[in-house]
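Trainee: I would like to see how this sequence folds:
(one chain, ligands or ions: 1)
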Amino acid sequence: MSYLIIDYDSTFIKVESLDELSKNSKNFNKKIHKEIIKITELGMEGKISFSESLEKRLKLIESDKEDVQNTLKVLENQITDSFKENEEFLKNYSEQIFIVSSGFHELIDPIVTRYGINKNNIFANNFLYEKNKIIGFNKNNPLSKSHGKVEIVKSLNLKGKVIVIGDGYTDYEIKRDGYADTFFLFIENIKRDSVIKSADYLLKSLDQLIKIIK
Ligand SMILES: [Mg+2]
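Mentor: Next up, the predicted model:
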């Protein structure tokens with residue numbers, strides 16, 4: 001029995017959902033947006049801690065619930081091609097698939113559940129709201145901290161082969177710390193040179209993985 005730990009941003013979807021939230025918010029501002037992308041990249045490359053990255057980005061983004069809804073409409077059309085094409089596989093395999101993301105449930109759940117992913121198998125952060133405005137995130141959630149993905153997969157206590165599929169350094173950390181057998185660096189959307197050396201395999205699409213595990 002193999003379990004798949006799948007990342008969301010730049011893996012299940014083509015883009016980074018928090019960047020999209022910034023871009024699709026009423027308060028969109030080019031300068032702020034550029035700054036957010038820069039911070040996201042630094043985090044992905046392991047140059048700053050994840051909590052630092054999240055804190056900095058949420059301070060810059062001034063979004064509300066309506067912005068979240070508008071962003072979801074955009075994300076609907078940004079599903080990674082090979083995930084879209086393999087909807088049937090995702091549905092059939094759903095008991096063994098976990099989405100582990102440092103993104104936000106509000107921007108993930110409505111998208112991935114359409115592909116048969118179980119709500120209980122989605123691990124992500126939550127926004128904190130004041131009235132309708134996003135004012136921060138739940139800091140007690142392990143995913144808001146560095147090594148959060150490692151903590152989540154550890155707590156799942158999966159018995160069997162565990163495969164991590166993702167495009168970032170934090171995905172690799174799950175395998176590095178001993179909670180996954182294999183790390184597939186997902187390069188269909190983006191190829192992060194700094195993470196290549198840590199990967200067991202480079203995965204050009206979900207099709208390749210399906211062939212391997214079947
Ligand atoms: Mg990612």
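Trainee: every contact and neighbour count from this point should use C-alpha atoms.
Mentor: Noted.
Trainee: and Ile5, what element?
Mentor: strand 2-6 (DSSP states H and E).
Trainee: what's the mean pLDDT across that strand?
Mentor: Computed over strand 2-6, the mean pLDDT rounds to 97.
Trainee: what about the closest residue in space to Asn27 that isn't next to it in sequence, distance to the ion?
Mentor: Sequence neighbours aside, Glu62 is the residue nearest to Asn27 in space, at 6.5 Å (criterion: C-alpha to C-alpha, 6 or more residues apart in numbering). From Glu62 over to the ion the distance is 22 Å, taken as C-alpha to the ion, to the nearest Å.
Trainee: show me what contacts Glu62?
Mentor: The contact partners of Glu62, taken as C-alpha atoms under 8 Å, 6 or more residues apart in numbering, are 22, 25, 27, 133-135.
Trainee: secondary structure element for it, which one?
Mentor: Here Glu62 is assigned to no helix or strand, by DSSP H and E.
Trainee: could you check the pLDDT of it?
Mentor: Per-residue pLDDT puts Glu62 at 87.
Trainee: Lys59 now?
Mentor: For Lys59, pLDDT reads 82.
Trainee: A helix includes it, no?
Mentor: Yes: checked against DSSP: H, G, I helix; E, B strand; the rest coil, Lys59 lies within a helix.
Trainee: contact residues of the protein facing the ion?
Mentor: When proximity is defined by C-alpha under 5 Å from the ion, the chain lies next to the ion at 9-10, 167.
Trainee: tell me the most packed of those residues, by neighbour count.
Mentor: Asp167 (30 neighbours; other C-alpha atoms under 10 Å).
Trainee: so what's the closest residue to the ion within the chain up against?
Mentor: Using C-alpha to the ion, the closest approach of the chain to the ion is made by Asp9 at 4.0 Å. Neighbouring residues of Asp9 by C-alpha under 8 Å, 6+ apart: 15-17, 101, 103.
Trainee: next one: it relative to Lys159, how far apart?
Mentor: Using C-alpha to C-alpha, to the nearest Å, Asp9 is found at 26 Å from Lys159.
Trainee: for the strand ranked longest in the chain, give me every contacting residue.
Mentor: For the chain, the strand that runs over the most residues, judged by DSSP state E, is strand 97-104. Residues from elsewhere that reach strand 97-104 (C-alpha under 8 Å, 6+ apart): 3-9, 17-18, 90, 117, 121-127, 143-144, 148-149, 152.
Trainee: strands paired with that strand, and their directions?
Mentor: Here strand 97-104 has these sheet partners by DSSP bridges: strand 2-6 (parallel), strand 122-125 (parallel).
Trainee: hey, which of the ones you listed is tucked in deepest?
Mentor: Ranked by average neighbour count under the criterion mean count of other C-alpha atoms under 10 Å, the strands paired with strand 97-104 are headed by strand 122-125 at a mean of 23.
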